[in-house]
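>>> Sharing a model prediction with you, sequence too.
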Amino acid sequence: MASLVFELVVMLVIILLASELFTNALEHLGATLRISEGVTGSLFAAVGTALPETIVPLLAIFAGTTNRQLNEEVGVGAILGAPLMLSTLSTCLMVIAVLRSRGASGFVNPERSGFLRDLDFFLFAFVVAAAAMFVPEEARYVRAGLSAILVTTYFVYILLTLRASEKLVEGGHGTRAHEKMFLSRIGLPENVFTTLIQLAVGLALLIFGATGFINGVEGVSELVGISALLLSLLIIPIATELPEKVNSILWIRRGKDTLAFGNITGAMVFQGTLLPAIGIMLTPWQPRREVLSGVIVTLLAAAWLRFNVRSKGLQLRMLLVNGLLYVAYLGWTLAGR
């Protein structure tokens, strides 16, 4: 047990250091390419930091154990657990990070149009993914059609996000680097090539740290006797979402609200479209109690964000509700074990 705890601590430190490298390089890349903070956060950061939680269900489905049911449970749980964690716990942790400095009556103010676009796309896609649970597994063509809708939705989202970038940059929402690039402090020239090297190193360390953390969490969960589905719904996402959590907390503490929320909501769109499209086609994708309640809580949390945004942004006290939704889901799920 002590060795597992030590492994978790070491991997957490690696994730924290990697997140600093990654966010720093991403800010410089966005500034160099003259793209908006929305594109940097919702596309570049979101997809990059979503790799750990993307790898878990894919490995479970395509290269898991000889126990097919176990593979499918881990795959479905990891696919649906990621957006659940992002929309509830991750959002709440961001708020807690600035609660003292901004106050409960204070606001976070991500760029409004991009924030609304992310949540609108996510809500639409996740409703489609939820509806697919009620389509019989034998109705392959219907399921294939719903999967195609989800994949198309993500590519339309990319196009609209990129199209909005130029106007947002002109309006003062261009990506700006917070501080000098880390690799340039050790003598390397500050250019695109160095930025890409630091970005690759940061991303590789993020994936390595998250993978090691997941292994440690799995070991602990086996000791306390948690089922594969509960593990993948509740435990694995805490580890796999660490890069997003840490990156967003770093950005929001620096006043970069658009990058912070874009990292979260952009990852939600990515994980609410492409991964469910795979799950619909390659797993039973059925509305089990734990799964359906998780989907409902995720939709409630995302809708709460969507309909509470004002011209000033989102009030901090309102976002604490997202954390309460996670606690309620946790209690409901564990009570039904």
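Great, that's in hand.
>>> So which residue is dead centre in this protein?
Closest residue to the average C-alpha location of the chain: A267 at 4.1 Å, with Cα atoms, centre = their mean.
>>> Would you map the helices across the stretch 151-300 of the chain?
Assigned by DSSP state H, counting those that start in this stretch, the stretch 151-300 of the chain shows helices spanning 192-224, 228-230, 236-240, 242-253, 257-282, 289-308.
>>> Can you tell me which of those helices is most buried?
When you average the neighbours per residue for each of the helices of the stretch 151-300 of the chain (mean count of other Cβ atoms under 10 Å), helix 257-282 leads with a mean of 27. C-beta here means a position set from N, CA and C on the backbone, and glycine is covered the same way.
>>> in the stretch 151-300 of the chain, what spans have low per-residue confidence?
Scanning the stretch 151-300 of the chain for pLDDT under 70 picks out 167-178, 210, 213-222, 224-232, 239-240.
>>> which strands and helices sit next to the strand or helix carrying V74?
Assessed by DSSP states H and E, V74 sits inside helix 68-85. The contact analysis (3 or more Cβ pairs under 8 Å, 6 or more residues apart in numbering; DSSP states H and E) places helix 68-85 against helix 51-63, helix 228-230, helix 236-240, helix 257-282, helix 289-308, helix 316-335.
>>> Helix 257-282 and that helix, what's the angle between them?
For helix 68-85 against helix 257-282, the angle by axes from the mean of the first three to the mean of the last three Cα atoms, to 10 degrees is 160 degrees.
>>> For helix 68-85, C-alpha coordinates in CSV please.
Only the C-alpha atoms of helix 68-85 are listed here, as CSV (Å, rounded to 0.1, in the frame of the first residue of the first chain):
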residue,chain,number,x,y,z
ARG,A,68,-14.9,-8.9,-22.9
GLN,A,69,-17.5,-7.7,-20.3
LEU,A,70,-14.8,-6.2,-18.2
ASN,A,71,-13.3,-4.4,-21.2
GLU,A,72,-16.6,-3.0,-22.2
GLU,A,73,-17.4,-1.8,-18.7
VAL,A,74,-14.1,0.0,-18.3
GLY,A,75,-14.5,1.5,-21.8
VAL,A,76,-18.0,2.8,-21.3
GLY,A,77,-17.2,4.1,-17.8
ALA,A,78,-14.1,5.9,-18.9
ILE,A,79,-15.9,7.5,-21.9
LEU,A,80,-18.8,8.8,-19.8
GLY,A,81,-16.8,9.5,-16.6
ALA,A,82,-14.5,12.0,-18.3
PRO,A,83,-17.2,14.7,-19.2
LEU,A,84,-18.9,14.0,-15.9
MET,A,85,-15.7,14.9,-14.0
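>>> Rounded mean pLDDT for the very next helix or strand once past it, please.
The C-terminal neighbour of helix 68-85 among helices and strands, as given by DSSP H and E, is helix 91-102. Average pLDDT, helix 91-102: 92.
>>> repeat for stretch 40-57
70.
>>> Could you do stretch 322-337 as well?
So the average pLDDT for stretch 322-337 ends up being 84.
>>> where's the spatially closest residue to L188 that is not a sequence neighbour relative to F6, distance?
Nearest in space to L188, with sequence neighbours left out and distances taken as Cβ to Cβ, 6 or more residues apart in numbering, is T194 at 4.8 Å. Taken as Cβ to Cβ, to the nearest Å, the spacing of T194 relative to F6 amounts to 34 Å.
>>> distance of P57 from I79?
Taking Cβ to Cβ as the measure, P57 falls 5 Å from I79.
>>> swap that for I296, sorry
According to Cβ to Cβ, I296 and I79 sit 16 Å apart.
>>> what does L119 give?
19 Å.
>>> do S87 as well
Distance from S87 to I79, by Cβ to Cβ: 14 Å.
>>> More neighbours: which of these two?
Taking neighbours as other Cβ atoms under 10 Å, S87 and I79 compare with I79 leading, 32 against 29.
>>> which one in this protein is furthest away from the centre?
The chain, farthest from centre, Cα atoms, centre = their mean: G187 at 33.8 Å.
>>> can you pull the contacts of L89?
With contact taken as Cβ atoms under 8 Å, 6 or more residues apart in numbering, L89 is in contact with 238, 241, 322-323, 326.
>>> Just the closest of those to M133, please.
Y326 (21.2 Å; Cβ to Cβ).
>>> is it true that that closest one touches L86?
No. If you go by Cβ atoms under 8 Å, Y326 and L86 don't touch, sitting 10.5 Å apart.
>>> In terms of neighbours, single out the busier of those two.
L86 (31 against 21).
>>> so can I have TSV of the helices of the stretch 151-300 of the chain showing distance to L26?
Formatted as TSV, those follow (distance: least, Cβ to Cβ, whole Å):
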stretch	distance to L26
helix 192-224	7
helix 228-230	34
helix 236-240	19
helix 242-253	8
helix 257-282	8
helix 289-308	23
